[in-house]
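Q: After the sequence you'll find the predicted model.
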Amino acid sequence: MSQKDVLILAIESSCDETAASVVKNGTIVMSNIISSQIDLHKEYGGVVPEIASRKHIEKINQVVLESLEEAGLELSQMDAIAVTYGPGLVGALLVGVSYAKAIAYASKKPLIGVHHIEGHICANYISEIQGAQSVHIDSTPKPPFACLVVSGGHTHLVHVKDYASYEILGKTRDDAAGEAFDKVARAIGLGYPGGPKIDALSKIGDENAIKFPKAKVNGSKYDFSFSGLKSSVLNYINSCEMKNETFQKEDLAASFQKAVVDVLVEHAMEASKAYGFKELVIAGGVASNSSLRKAFSKACEQEGMAFYCPPPILCTDNAAMIGAAAFHEYQNHNFADWNLNAVPSLKLGER
Ligand code: KG4
Ligand code: ZN
């Protein structure tokens, strides 16, 4: 290992995944441990905050120890400890923040607070995952570019001006894209989380079977709105039931998915053209959607732009992305003090 290598132990606990990772130089993932609580929350149809916090407390020590073991390194060899401190569920965030502060203090390492969305964006800078699920990525994006962050809690179109410098161009006015996927999936009995299930079912459906309306938002032209689309899907289901008519779930899933994908691609491409970006990047849980990836890849090819998306394992919540983001904060000597606290509604670009 070269003398200048920067090793960061990163922790993520903002929602329903307890995760820890060792990341070298912000690009090489030496370990990526994710303990998912999905099975626990499934029966409630969504994440139950109290259960999430309790489970994070139970798991965090084991997950961190495993991440160091898999990387073959000791805590003493780390250059910094990074942790997601917002946005997210306050109780869930507090578990990661308290744990990270405790080990950073005890081992006399600098502490870095990371914004969860910045983490999702920085997943795109990762070029290698080592270990059993080894992944090599040939090329990664370089700012400036537009990044569409689409997850269960967020839908943000971000101008990434530089490493660790962001401007929000547009965001959802109501539901996040992933939330819409989850709610529609629940309405047709697919269970939680719905995104991957709608993605799979859509493959055998006709995306032109049902015409759902495109959301119109007054004001900022890059903003999104998904609650109207969700309501029209629910109205369609209700009216079929009232008329005693059946509908094909796969056609409904594919038609709904197309409506979401179309608007996401349209806004991101419009912004990219207006700003003259040469690269387009996507991130977050919904970025693992196969139809969204295909649509962006095609649109970027047509416009002569490069398209980047992380491998699916780095799209959904993980700590490797937090380590990748923390590397740039480390370079900028942007360290947190012992007052670091969980900030459930932290804005991107705020400290
Ligand atoms: O990034 P993430 O793990 O957590 C948040 O920060 O919110 O995103 C989870 C969201 C869920 O809403 C899930 O349904 C959605 O990402 N998702 C997908 C797919 N995989 C996960 N949505 C559409 N298609 C997928 N393949
Ligand atoms: Zn996330």
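A: Here it is on my side, so go on. Ligands and ions are numbered 1, 2, ... in the order given.
Q: where do the helices sit along the stretch 51-200 of the chain?
A: In the stretch 51-200 of the chain, the helices defined using DSSP state H, counting those that start in this stretch lie at 90-107, 116-122, 177-187, 194-202.
Q: Deepest in the core, which of the ones you listed is it.
A: Per residue and on average, the most neighbours among the helices of the stretch 51-200 of the chain fall to helix 116-122, with a mean of 28 (mean count of other CB atoms under 10 Å). In this view, the C-beta of every residue, glycine as well, is placed from N, C-alpha and C.
Q: And the average pLDDT for that one is what?
A: Helix 116-122 shows a mean pLDDT of 98.
Q: for it, packing partners?
A: With contacts defined as 3 or more CB pairs under 8 Å, 6 or more residues apart in numbering; DSSP states H and E, the packing partners of helix 116-122 are strand 80-86, strand 145-150, strand 155-162, strand 279-283, helix 320-331.
Q: can you list these in JSON lines and add mean neighbour count, mean pLDDT and distance to ligand 2?
A: As requested, the helices and strands packed on helix 116-122 are exported to JSON lines (neighbours: other CB atoms under 10 Å; pLDDT from 0 to 100; distance: least, CB to the ion, whole Å):
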{"stretch": "strand 80-86", "mean neighbour count": "27", "mean pLDDT": "98", "distance to ligand 2": "9"}
{"stretch": "strand 145-150", "mean neighbour count": "28", "mean pLDDT": "98", "distance to ligand 2": "8"}
{"stretch": "strand 155-162", "mean neighbour count": "21", "mean pLDDT": "96", "distance to ligand 2": "11"}
{"stretch": "strand 279-283", "mean neighbour count": "26", "mean pLDDT": "98", "distance to ligand 2": "9"}
{"stretch": "helix 320-331", "mean neighbour count": "28", "mean pLDDT": "97", "distance to ligand 2": "8"}
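Q: Can I get the ones you listed in TSV including distance to Val233?
A: Compiled in TSV, those are given as follows (distance: least, CB to CB, whole Å):
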stretch	distance to Val233
strand 80-86	31
strand 145-150	18
strand 155-162	17
strand 279-283	23
helix 320-331	31
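Q: need those in CSV with distance to ligand 1, can you?
A: Formatted as CSV, the helices and strands packed on helix 116-122 follow (distance: least, CB to the nearest ligand atom, whole Å):
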stretch, distance to ligand 1
strand 80-86, 10
strand 145-150, 8
strand 155-162, 10
strand 279-283, 8
helix 320-331, 9
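Q: Of all the ones you listed, which one comes closest to Lys221?
A: Lys221 lies closest, by CB to CB, to one member of the helices and strands packed on helix 116-122: strand 155-162, at 10.5 Å.
Q: thinking again about what came up before, can you lay out the helices of the stretch 51-200 of the chain as JSON lines showing distance to His333?
A: Formatted as JSON lines, the entries for the helices of the stretch 51-200 of the chain read as follows, by distance: least, CB to CB, whole Å:
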{"stretch": "helix 90-107", "distance to His333": "15"}
{"stretch": "helix 116-122", "distance to His333": "17"}
{"stretch": "helix 177-187", "distance to His333": "34"}
{"stretch": "helix 194-202", "distance to His333": "38"}
